Structures are given as structure tokens and as C-alpha cells.
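S.K.: coords below, sequence missing:
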Ligand code: ADP
Ligand code: MG
């Protein structure tokens, strides 16, 4: 190979490389946009997609918004309003912190970002066509909050586009993301429209009854009829949520939702604790159903493990494992004598 000089990546190429980690498909875009809306304190998030998100994804919120003077920075890489220091990173309370999502998405799509903070009289917009990463700020019309529109994902990266599946498959991934987000924040209203059809319209669910209704609407009404409510706290760890009765199991692990400090996670420690707790009450090969929320001090959990932020690392794994196992085991033992009897509501 001929000698090649070393050069610094152009911003666009650097962003496209980063996008490889964060943006896999339309569903990953939706996840990042909703996280941003939640971080902005939105109480209402409206999602509209066309062709499974391949053609258009639009997320509109009523959150804090971005001031005109900050607009172009929102799309820049390593630009964030959420973390200014290592101390803040370690005590993180926001969902985002890497300052990479918008830059990544912008580098592989046509993106419009429109925003109006309540304190600002007018709305402004920045657009990016996935080309030079330079943006121009133009006036726009918008109520308080932010809208992000992402069109033609991967239009400029054909190799990535080849990995996309059919509209139907992409939409089902996207809907799954929205399910998780809507389960993670009962206090926020969500709506989802696909090809001009309303799929979900969820008002904020503040009471337990409303929350159960939301879960029934998102997952399966039978789950609500066949689960028990859990609410328990010990040594700075708090777990709430619903666990399915052993009689309501599934052949696959498709109804398992675990949130740590409001973040959807996949974690070995958690998975093992839950599995152990159900071990004696489930038939071999059957999977339990649950929607569980674990809360702990943000210093006790590191979320900076993976770019998609799906993984976490607990400072005290044993403590977390034993807490989950013992509390779930106890709750399941209490309902055991009633197996096969009337479902608990
Ligand atoms: P991160 O979320 O890690 O900070 P992003 O690239 O996702 O990085 O977003 C960059 C910045 O843009 C955020 O830190 C935030 O200040 C701003 N931003 C993005 N989306 C919104 C939104 N919906 N409402 C308000 N501000 C937003
Ligand atoms: Mg973000």
C-alpha cells in the first residue's frame, strides 16, 4: 500500500462514524429524540412517522426549547447542555450526556430542528442536509417547545441503508421504543401516528389505575389482570412496578421491561436476579412478564458504559442483585398458594 498521510477526519465523516454506533435504524433515532424531549422537561410528546420512519420521523414536544443563540450548537458534535464536568457526569440525572445524537442523526439524514423557549418571542430553525454540517438559523413558526424532523435516513450512506428492513419491521422496532419510553414516564403524554393513522394516544397517567390502563393499552390487557403490584424499599434501593403471576408466562422474553432511574436497561445482574426469583414457580423454558422500576442514587450506577446507553454498571452489584431477588421472591411466594385461582387485579 502506498504511503498515506495522517489527516484529521472532517466533521461530517467523524459524525457519520459516530452515527454507526448510535443510529442503527429509525427506531434508534426516535429513541434519541424522545430522550431529548424528556430531558427538556416535556410533559407532552407527539411522534409522527411515515413509512416506518424511513421517510419521515417528527418528534414534537412542549419542553424548555433551545435559545436561538444555541441552535447551531445543538447539532454540533460533543455539544451538550447536560454535562459540564466530570462531577456532573458521575451524578447524572439526564438521559442524554454524550452530545452526539443530533450530530450523528444530522450526518446521515435531512434534519430540521425548530425550537422556541418560552422566554423567546419567536421560533427559530436550523437545517442540515447531511452534507457540510454547517447550519444556518432561519425564522420559523412554533409554539413553546421543540420539533425535530428527520427525513430520508441514510440517504447519503447507501451501505447503511441496505441494512434497513421493510417498513413494517422498522415500524415495529420503532413502536417498541415508544412503548418503553411511555412506560418509563407515566407523567408524560405520548402520541404516535403512522402514515396519518393514530396508533397510540396516551394522556399522562398519574394514578395507579391510569397507569395500569396505560400498560394494558401498550402491552396486553391480560398482563394487568394477571400481575401483582410491587412497592418496596430498602437501603436506598426502591423498586416499584408489576410482576406477572407465574401462571401468566410467555414462550419468549418479549414482555420484560426493567427501568433503572427511568432508563430502559438490559443488564446481566438484573436478568439473573429476576430469573432466580421465578425459578421455582415457572415451568422450564417459560419467561416471566414484568414492568419494574428500580430507583437508586445516581452515584450508585454508571450509565456511561455504551453509546446507546442501554447498559449500566452498578457500583454495588451484589446489593442490587440481592435486593431484587429477595423482594421478587417474597412477592411471588405470597401469591403462590393462589396459583390457578382467580387472577389478582
Ligand atoms: P445530549 O442529549 O447528549 O446532550 P444531543 O445531541 O441529543 O446530545 O442534543 C444536544 C443538545 O441539544 C442537548 O444537550 C440539548 O441542549 C439540546 N436539545 C436537543 N433536543 C432538545 C429538545 N427536544 N428540547 C430542548 N433541547 C434539546
Ligand atoms: Mg440526547
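M.R.: Yep, it's here. Computed from a predicted structure; not experimentally measured. Numbering: from 1, shown residues only. Ligands and ions are numbered 1, 2, ... in the order given.

S.K.: Indicate the residue of the stretch 1-150 of the chain located nearest to ligand 2.
M.R.: residue 96 (2.9 Å; CB to the ion). For glycine as for every other residue, the C-beta is placed from the backbone atoms N, C-alpha and C.

S.K.: how many other residues sit next to that residue?
M.R.: 20 (other CB atoms under 10 Å).

S.K.: Please report the distance of it from ligand 1.
M.R.: The gap separating residue 96 from ligand 1 is 2 Å, by CB to the nearest ligand atom, to the nearest Å.

S.K.: Ok, residue 261 next?
M.R.: 16 Å.

S.K.: got it, and residue 279?
M.R.: The value you get for residue 279 to ligand 1, if CB to the nearest ligand atom is used, is 39 Å.

S.K.: With residue 124 instead?
M.R.: 13 Å.

S.K.: picking up where we left off before, could you check which helix or strand contains the residue of the stretch 1-150 of the chain closest to ligand 2?
M.R.: Using DSSP states H and E, residue 96 maps to neither a helix nor a strand.

S.K.: What are the neighbouring residues in contact with it?
M.R.: Residues in contact with residue 96 (CB atoms under 8 Å, 6 or more residues apart in numbering) are 32, 35, 36, 39, 80, 82.

S.K.: What about these, which are in helices?
M.R.: 32, 35, 36, 39 (DSSP state H).

S.K.: ok so, going back, ok, and of the contacts of residue 96, which contact ligand 2?
M.R.: Among those, the residues lying close to ligand 2 (CB under 5 Å from the ion) are residue 36.

S.K.: Dump the contacts of residue 96 into JSON lines; add neighbour count and pLDDT as well.
M.R.: JSON lines is the format used below for the contacts of residue 96 (neighbours: other CB atoms under 10 Å; pLDDT from 0 to 100):
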{"residue": "32", "neighbour count": "25", "pLDDT": "96"}
{"residue": "35", "neighbour count": "18", "pLDDT": "96"}
{"residue": "36", "neighbour count": "25", "pLDDT": "97"}
{"residue": "39", "neighbour count": "18", "pLDDT": "96"}
{"residue": "80", "neighbour count": "19", "pLDDT": "92"}
{"residue": "82", "neighbour count": "16", "pLDDT": "91"}
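
S.K.: so, if you compare the contacts of residue 96, which one comes nearest to residue 172?
M.R.: Of all these, residue 32 has the smallest distance to residue 172: 18.5 Å, by CB to CB.

S.K.: what about the residue in the stretch 201-345 of the chain positioned nearest to ligand 2, which SS state?
M.R.: Going by CB to the ion, ligand 2 is nearest to residue 309 of the stretch 201-345 of the chain, at 9.2 Å. Put simply, residue 309 is coil when judged by DSSP: H, G, I helix; E, B strand; the rest coil.

S.K.: isn't it right up against residue 95?
M.R.: Yes - Residue 309 lies in contact with residue 95 (CB atoms under 8 Å); the separation is 7.2 Å.

S.K.: Where does pLDDT dip in the stretch 201-345 of the chain?
M.R.: Scanning the stretch 201-345 of the chain for pLDDT under 70 picks out 336-345.

S.K.: could you pull out the strands for it?
M.R.: Remark: strands assigned in the stretch 201-345 of the chain by DSSP state E, counting those that start in this stretch are 227-234, 237-244, 256-260, 263-264, 290-295, 301-302, 313-314.

S.K.: Now render those as a markdown table, adding mean neighbour count and distance to residue 275.
M.R.: Below are the strands of the stretch 201-345 of the chain laid out as a markdown table (neighbours: other CB atoms under 10 Å; distance: least, CB to CB, whole Å):
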| stretch | mean neighbour count | distance to residue 275 |
| --- | --- | --- |
| strand 227-234 | 16 | 17 |
| strand 237-244 | 20 | 13 |
| strand 256-260 | 20 | 10 |
| strand 263-264 | 18 | 18 |
| strand 290-295 | 21 | 11 |
| strand 301-302 | 18 | 20 |
| strand 313-314 | 16 | 17 |
